[in-house]
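Visitor: return atomic coordinates for the entry below.
(chains A and B)
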Amino acid sequence: DAGVTQSPTHLIKTRGQQVTLRCSPKSGHDTVSWYQQALGQGPQFIFQYYEEEERQRGNFPDRFSGHQFPNYSSELNVNALLLGDSALYLCASSLEDNEQFFGPGTRLTVL
Amino acid sequence: QKEVEQNSGPLSVPEGAIASLNCTYSDRVSQSFFWYRQYSGKSPELIMSIYSNGDKEDGRFTAQLNKASQYVSLLIRDSQPSDSATYLCAVKSGGGADGLTFGKGTHLIIQP
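Guide: Below is the predicted model of the structure:
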């Protein structure tokens, strides 16, 4: 039973560029949530997708957008990258509003 | 603004002793509470969830919830060096779509 997978593992971008991160949920899960974790901090909620729609959003600007596909996989897009966007991006999957299980994360470095 | 507070540590505990980790939260309507373990350079791993007042035990782990005091704790019995990690407390408000609100985590060190 595959767990949550994310790609890529690491990514280096320069300021102003755009990035797309990908997530496949755990088998049987239908909900995907995205989090940003800066060094030494707890994860911060970005948004949650269910039935291909954004269900709730945290305190992140519109530069952060996402998508969920019919197979429940999801993408996180970040436009106009800033140095402060450097962080570990975590995807968590769940069955509706139940317990969330995290993928390995994507480490994004913005230079 | 929902807040979750944890002592960042480090909390140093001798091997075989009980490690006690604490968390307070600000949102009174919070319904679900979780403890995640995060090793350095890895992603958070769910170790306990608790939804009602009282204690919940799973192996060496016991989660305790007191909604009146807005307080959650995690006890780790017979602590092992492999328990050394950062422990994140996470809180979710009532039913429906809601992300988790995390504390900054407590860094636990188990001394052999």
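Visitor: hang on, residue A:48 in a strand?
Guide: Yes - with the criterion set as DSSP: H, G, I helix; E, B strand; the rest coil, the secondary structure at residue A:48 is a strand.
Visitor: next, count neighbours for it.
Guide: Here the number of neighbours of residue A:48 (other CB atoms under 10 Å in any protein chain shown) works out to 27. Glycine gets a C-beta too; all of them are placed from N, C-alpha and C.
Visitor: same check on residue A:32?
Guide: Residue A:32 is flanked by 29 other residues according to other CB under 10 Å.
Visitor: now it. Nearest residue, chain neighbours left out?
Guide: Beyond its immediate neighbours in the sequence, the residue positioned closest to residue A:32 (CB to CB, 6 or more residues apart in numbering or on different chains) is residue A:74, lying 4.1 Å away.
Visitor: same check, this time on residue A:42
Guide: Of all residues beyond its chain neighbours, the one nearest residue A:42 is residue B:102 (3.2 Å), with distances taken as CB to CB, 6+ apart.
Visitor: contacts only, for that neighbour.
Guide: If you count contacts by CB atoms under 8 Å, 6 or more residues apart in numbering or on different chains, residue B:102 has them with A:42, A:43, A:44, B:4, B:36, B:88, B:89, B:90.
Visitor: for the least confident helix or strand in chain A by mean pLDDT, packing partners?
Guide: Among the helices and strands of chain A, strand A:53-57 carries the lowest confidence by mean pLDDT, DSSP states H and E, at a mean of 93. In this structure, strand A:53-57 packs against strand A:44-50, with contacts taken as 3 or more CB pairs under 8 Å, 6 or more residues apart in numbering or on different chains; DSSP states H and E.
Visitor: quick one: end-to-end distance for stretch B:58-72.
Guide: Between the opening and closing residues of stretch B:58-72 there is a gap of 16 Å (CA to CA, to the nearest Å).
Visitor: typo on my end, stretch B:21-29
Guide: Start to finish, the residues bounding stretch B:21-29 are 22 Å apart (CA to CA).
Visitor: touching chain A at all, that stretch?
Guide: No - for a cut-off given as CB under 8 Å from any CB of the partner chain, stretch B:21-29 has no contacts with chain A; the smallest distance is 10.7 Å.
Visitor: which regions of the chain lie under the pLDDT threshold?
Guide: With no chain named, the answer covers chain A. Residues of chain A that meet the criterion pLDDT under 70 lie in A:1.
Visitor: my question was about chain B, not that one.
Guide: Using pLDDT under 70 as the threshold, the predicted model of chain B has low-confidence ranges B:94-97.
Visitor: show me what from it comes close to chain A.
Guide: For chain B, the residues found near chain A under the criterion CB under 8 Å from any CB are B:4, B:34, B:36, B:42-46, B:49, B:88, B:90, B:92, B:95-105.
Visitor: narrow these to those that are buried.
Guide: The neighbour-count test (16 or more other CB atoms under 10 Å in any protein chain shown) marks B:4, B:34, B:36, B:43-44, B:46, B:49, B:88, B:90, B:92, B:97-105 as buried among the residues of chain B next to chain A.
Visitor: sitting in strands, which of those residues do you find?
Guide: B:4, B:34, B:36, B:46, B:49, B:88, B:90, B:92, B:101, B:102 (DSSP state E).
Visitor: just name the closest of those residues to chain A, please.
Guide: Proximity of these to chain A, judged by CB to the nearest CB, is greatest for residue B:102, which lies at 3.2 Å.
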